[in-house]
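J.: any chance you could fold what I've pasted below:
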Amino acid sequence: MMNRRPNSCRSLRSTFSLSIVVVGALAVISAGVLIATTSILQRTTSDVAAAVESVRLVEEAEIGLLLHARAKDAVIKRDIESELRDSLASAKRYVTSASERRVLENAAASVETYLQASRRADSVRDPDAEADAFAALEQLVAINLEHTRAAHEEALEWNDIANIAGVVLGIMILAIAITLMLWLRRRVIRPWFALADTVRRFGEGERTARAEENGPLELQDMSKRFNTMADSIASQREAQVAFLGGVAHDLRTPLSALALAVDMLGPDDPLPPEPQLRRTLAVIARQIHHLERMVGDFVDMSTIDTGKLALDVDYHDVRMIVRDAVGLFSHTDAGAERLRVALPRNPCLALCDDVRIGQVVTNLVSNAIKYSPATEPIAVAVDTDESDVIVEVTDRGTGISREDHRRIFEPFRRVGSRTAAAGTGLGLFNVQRIVEAHGGRIEVESVPSEGSTFRIYLRLARASATASVAASHARS
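T.: Below you'll find the model as predicted:
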């Protein structure tokens, strides 16, 4: 396998999430700066407009003050006084600071002092009062101009801040985009193309091709899964090669026995005595049965693996299925004295294909006989729980290690001491697939050198179905 780099990369999801968070934060900062700048510019614009209007009103007041000082007609003076007071009263609406308010109040008081003095002087000008009022109005103009300059400078300052912030944030967003693109190119796109090339080479027959586990965590996970799959395929291929060797060896034994038996019955030789002939025919029958069993395993495996396993399901009493399957071994030397069968008194109905379930039981019993000493008993039992019918086959044979419990159900796989026994390595694979096709499951408990117990679970028929089947049997 290829050297795999250490996992030091972020996941693609976390990288994109972090990028989105950073860009979002920059966008929020940009929006905040824009809102703050807009608010400040709006405020300064309002201050400038208020200052301009205030200056206009003050200048009107100054003009009115000069006209009042030079007017001779009392009616005109009263009109000018009214306009002066109105201008100063209107100027109060445009005050933007406490200092401006104090100056405006001082100017209004100075103007009022001048007006009072002009009445006491009996229409004679009072230069000092007039100068004080005019100076107060000029001070009001000056403070408004000062506010205008301050607002203008603040607007320029914030405009510069907004420009700088915009440029900086734009550069940062551009830098993040460039960095993300470079990261994607180096850490995502290149490893992705490398993985695609590895898959292509593996598909073209380079079975040693393995992907480097680098890049984002998601891509590393894909590479690990591919490497695991490739290792599994390689292991399966090795098992198949070993299986072919085992099958060739297993076929040689019955074929050699058949050839020897046929040689004893040569076409030009006289027939042997009847007892010897019967023994020879029995040998031929056993070897033919062995060959049929091996071919049957292949056919079943092919049917199951292509998803074409057809089930003829109906309600069947599992006790009868087990009894018939065990009966196949009761007349053999291996099973006549060793099988111990325990069946409940009440029917155990399951919706199943009785032929296929019989095949399952036959396979489990055959394995128990094959992998246990000839002197040890084999227990076969049927039981039920709240939801399942349970068939249990127990032997006191070689046993299976815990790490091999799963592997024994793989096709072409024989583990531990079982590799020495003849067989295709497909029996338990077929058993598991047939049971699962019925919606059931198979479990194994085993201790090396102490024996094994295989249990299959089939769904127990409902009480209504049980009553219906019982009534049908009673009518028949």
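
J.: where do the helices sit along the stretch 201-350 of the chain?
T.: Chain-ordered helices for the stretch 201-350 of the chain, with DSSP state H, counting those that start in this stretch as the definition, fall at 217-264, 274-305, 318-327.

J.: any weak-confidence spans in the stretch 301-450 of the chain?
T.: When residues are selected by pLDDT under 70, those of the stretch 301-450 of the chain lie in 301-308, 330-336, 411-425.

J.: 80 instead?
T.: The model of the stretch 301-450 of the chain has pLDDT under 80 over residues 301-311, 328-337, 403-407, 409-427.

J.: buried ones in stretch 182-200?
T.: Residues of stretch 182-200 classed as buried under the neighbour-count rule (16 or more other CB atoms under 10 Å) are 183-184, 187-188, 191-192, 194-195, 198-199. Any C-beta I mention is one placed from the backbone N, CA and C, and that applies to glycine too.

J.: in a helix, S449, correct?
T.: No. Secondary structure of S449 (DSSP: H, G, I helix; E, B strand; the rest coil): coil, not part of a helix.

J.: which SS state does the nearest residue to it once chain neighbours are set aside fall under?
T.: Spatial nearest neighbour of S449, excluding adjacent residues (CB to CB, 6 or more residues apart in numbering): G399 at 5.5 Å. Each residue gets one of three states, and G399 gets coil by three-state DSSP.

J.: averaging pLDDT over each of the helices of the stretch 201-350 of the chain, which comes out lowest?
T.: Note on the helices of the stretch 201-350 of the chain: lowest mean pLDDT is at helix 274-305, with a mean of 68.

J.: tell me the spacing between the residue nearest in space to the middle of the chain and A196.
T.: Averaging the C-alpha coordinates of the chain gives a centre point, and the residue nearest to it by CA atoms, centre = their mean is E218 (9.8 Å). Per CB to CB, to the nearest Å, E218 is found 15 Å from A196.

J.: need the three-state assignment for the residue nearest to A71 when sequence neighbours are not counted.
T.: Ranked by CB to CB, 6+ apart and with sequence neighbours excluded, the top spatial neighbour of A71 is K77, at 5.0 Å. Classification of K77 using three-state DSSP returns helix.

J.: check whether K77 really touches H68, as I assumed.
T.: Yes. Look at K77 against H68 with CB atoms under 8 Å: they come within range, at 5.8 Å.

J.: among the two, which residue is more densely surrounded?
T.: Neighbour totals were compared for K77 and H68, and H68 leads with 23 against 19 (other CB atoms under 10 Å).

J.: name the helix or strand for the more buried one, please.
T.: Secondary-structure element containing H68, defined by DSSP states H and E: helix 12-70.

J.: phi, psi for the closest residue to Y371 other than its chain neighbours please.
T.: Of all residues not flanking Y371 in the chain, G397 sits nearest, at 4.2 Å (CB to CB, 6+ apart). When quoted as degrees, to the nearest 10, the phi and psi of G397 stand at phi -100, psi -140.

J.: begin at 869, not 1, for the rest of this chat.
T.: Fine by me, first position is 869 from now on; the one you just mentioned is G1265.

J.: can you count the residues close to G1265?
T.: Applying other CB under 10 Å, we find 22 residues neighbouring G1265.

J.: again with R1146
T.: By the criterion of other CB under 10 Å, R1146 has 11 neighbours.

J.: can you pull the contacts of it?
T.: Contact partners of R1146, counting by CB atoms under 8 Å, 6 or more residues apart in numbering, are absent.
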